[in-house]
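A.B. asks: please work out how this folds:
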Amino acid sequence: MEEFAAAVGLSRPTVSKYFQDPASVRPRSRERIEAALSATGFRPNIYAVNLNRRRAKIIGLIFPTSLDPFYMGLRRRIETEATAAGYLTFVFSSDGQADLEADALTTLSGLNAAGVIMAPVGGDERHRRRLKTLARTIPIVFIDAPFDEEEAFVGTDNAQSMALITDYLTRLGDRPCYFDMPWVNSNAEARRSAYVATMERRGLTPEFVPVTRTATWDFERYAFDETNRVLDGAGFPTSIVVCGNDRVAFGVIAALSQRGIRVGMGPDCDMRVAGHDDQPLSEYICPPLTTVLQNTAEMGRLAIHLLLSRLDTSRTFDAPRSAQDHILVKGELVLRGSA
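C.D. replies: Have a look, this model is predicted:
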C-alpha cells in the first residue's frame with residue numbers, strides 16, 4: 001500500500017482511509033485512487049491489514065447448522081450487509097452442540113473479531129456463564145433465539161406469529177392440535193406457549209400430539225417417525241394440526257401421505273396441516289403448506305445493523321432500538337392448500 005500510495009501521489013493514510021470507506025475521501029482523491037486501481041489491479045491484503053488493528057474487520061457468524069434454509073437466508077443477508085460495510089464474515093456451525101458453539105466464539109475472540117452474530121443452542125448453566133463472559137470481551141448480537149433478557153437479540157415475535165396461525169386454524173371447524181418442534185432452543189417453548197394462550201383466549205382447550213421430547217436437529221425425520229408412532233397408537237387428537245415449524249410439518253405430511261391419509265382443504269381430505277417459518281420448499285410440497293412467513297431478510301438486516309451500530313458509532317445504521325435491544329419481527333400469514 002505504501003508503494004501504491006506513492007505511485008498515486010497521495011499519502012498512505014489517505015489511501016488506507018479509502019479502503020476503509022471510499023466515501024470518506026475527497027471526490028478528486030477517490031477518482032485518482034480508483035483510476036490507479038483499475039490500471040494496476042492492486043488490492044490490499046485484508047488479512048495483513050487486520051493483523052495491524054486492535055479489532056480485525058471480521059464479523060463471526062455462528063449457527064447451529066449450515067443445512068437449514070432458514071439459517072442460509074440469514075447468512076446471505078448478513079454477509080451482503082457486512083461486505084457493504086467493509087467487513088469479512090467467518091461462518092461457523094456448532095452442529096447443535098454447546099461445546100462447539102463456545103469453541104467457535106473463543107476462536108473468533110482469538111482472531112480479534114470485531115463482533116459476532118449467533119443463534120444460540122442453549123446448553124447448561126456452565127456453558128451459559130462461559131458465553132456471558134465472552135460477551136463482555138466481544139460484541140455479540142443473538143439471532144433467532146434470545147440468550148437472556150440483557151444481551152442484544154433479533155428474532156421473530158413468536159407470540160404474534162403463532163397466535164396468527166392458531167387463530168386462523170380455529171375457524172376451520174375443528175380444534176387445532178399442536179405438534180411440538182424439537183426442543184433445540186427457546187423457540188420450542190415460546191411457540192407452544194403462544195398456541196396455548198391463543199386457544200385459551202378463544203375459550204378452547206389446547207390439544208397436543210403425544211410426541212417424544214427431543215433435541216435433534218433432524219426435524220423432518222423426527223416428525224416422520226413420531227407421526228407414524230402416533231398413527232400406530234390412538235392417532236391425532238383432532239383433524240387439524242399446527243406444527244412448531246415447517247420442517248416438522250414436512251415430516252408429518254410425508255408420513256400421513258404414505259399412510260394414504262389425504263391432507264388439504266378438499267371434501268375428500270382427511271386432515272389439515274400448517275407450519276411456521278415459510279421455508280423455501282413450503283410452496284412446493286404437496287399440498288403446498290399453509291404457514292407463517294418468518295422474515296429472514298429483515299431479521300438478518302436488523303441484526304447486522306444493530307451490531308454495526310455498536311462497532312462504528314460515527315455512522316448511522318437502520319437498527320431500531322428497544323428495551324435491552326430486543327427487536328422482534330412480526331410474522332405474516334401465508335395461506336396455501338394444506339389448511
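A.B. asks: could I have the helix or strand where Ile33 lies exported to PDB, CA atoms only?
C.D. replies: Assigned by DSSP states H and E, Ile33 falls within helix 27-40. Below are the C-alpha coordinates for helix 27-40, written out as PDB (Å, rounded to 0.1, in the frame of the first residue of the first chain):
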ATOM      1  CA  PRO A  27     -14.000  13.100  -4.700                       C
ATOM      2  CA  ARG A  28     -10.900  14.100  -6.600                       C
ATOM      3  CA  SER A  29      -8.700  11.800  -4.500                       C
ATOM      4  CA  ARG A  30     -11.200   9.000  -4.800                       C
ATOM      5  CA  GLU A  31     -11.100   9.300  -8.600                       C
ATOM      6  CA  ARG A  32      -7.300   9.200  -8.700                       C
ATOM      7  CA  ILE A  33      -7.300   6.100  -6.500                       C
ATOM      8  CA  GLU A  34      -9.900   4.300  -8.500                       C
ATOM      9  CA  ALA A  35      -8.200   5.100 -11.800                       C
ATOM     10  CA  ALA A  36      -5.000   3.600 -10.400                       C
ATOM     11  CA  LEU A  37      -6.800   0.500  -9.100                       C
ATOM     12  CA  SER A  38      -8.300   0.000 -12.500                       C
ATOM     13  CA  ALA A  39      -4.800   0.300 -14.100                       C
ATOM     14  CA  THR A  40      -2.900  -1.800 -11.700                       C
END
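A.B. asks: that one packs against which elements?
C.D. replies: Applying 3 or more Cβ pairs under 8 Å, 6 or more residues apart in numbering; DSSP states H and E, we find helix 27-40 packed against helix 2-8, helix 12-20. Every residue, glycine included, has its C-beta placed from N, CA and C.
A.B. asks: what would those look like in TSV with mean neighbour count?
C.D. replies: Formatted as TSV, the helices and strands packed on helix 27-40 follow (neighbours: other Cβ atoms under 10 Å):
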stretch	mean neighbour count
helix 2-8	14
helix 12-20	16
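A.B. asks: Ala102 and Leu131 touch, don't they?
C.D. replies: Yes: using Cβ atoms under 8 Å, Ala102 is in contact with Leu131, at 6.5 Å.
A.B. asks: any idea how far the helix or strand harbouring Asp103 is from the chain center?
C.D. replies: Taking DSSP H and E as the criterion, Asp103 maps to helix 98-110. Distance of helix 98-110 from its chain centroid, counting by Cα atoms, centre = their mean, to the nearest Å, is 19 Å.
A.B. asks: now it: average pLDDT?
C.D. replies: Averaging pLDDT along helix 98-110 gives 90.
A.B. asks: in it, what counts as buried?
C.D. replies: Ala98, Leu100, Glu101, Ala102, Ala104, Leu105, Leu108 (16 or more other Cβ atoms under 10 Å).
A.B. asks: a markdown table for these, including distance to Met271?
C.D. replies: Formatted as a markdown table, the buried residues of helix 98-110 follow (distance: Cβ to Cβ, whole Å):
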| residue | distance to Met271 |
| --- | --- |
| Ala98 | 37 |
| Leu100 | 38 |
| Glu101 | 37 |
| Ala102 | 42 |
| Ala104 | 41 |
| Leu105 | 43 |
| Leu108 | 46 |
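A.B. asks: just after the worst-scoring helix or strand of the chain on mean pLDDT, pick out the following helix or strand.
C.D. replies: Of the helices and strands making up the chain, the lowest-confidence element is helix 46-51, at a mean of 58, by mean pLDDT, DSSP states H and E. Next in sequence after helix 46-51, counting helices and strands by DSSP H and E, comes strand 56-63.
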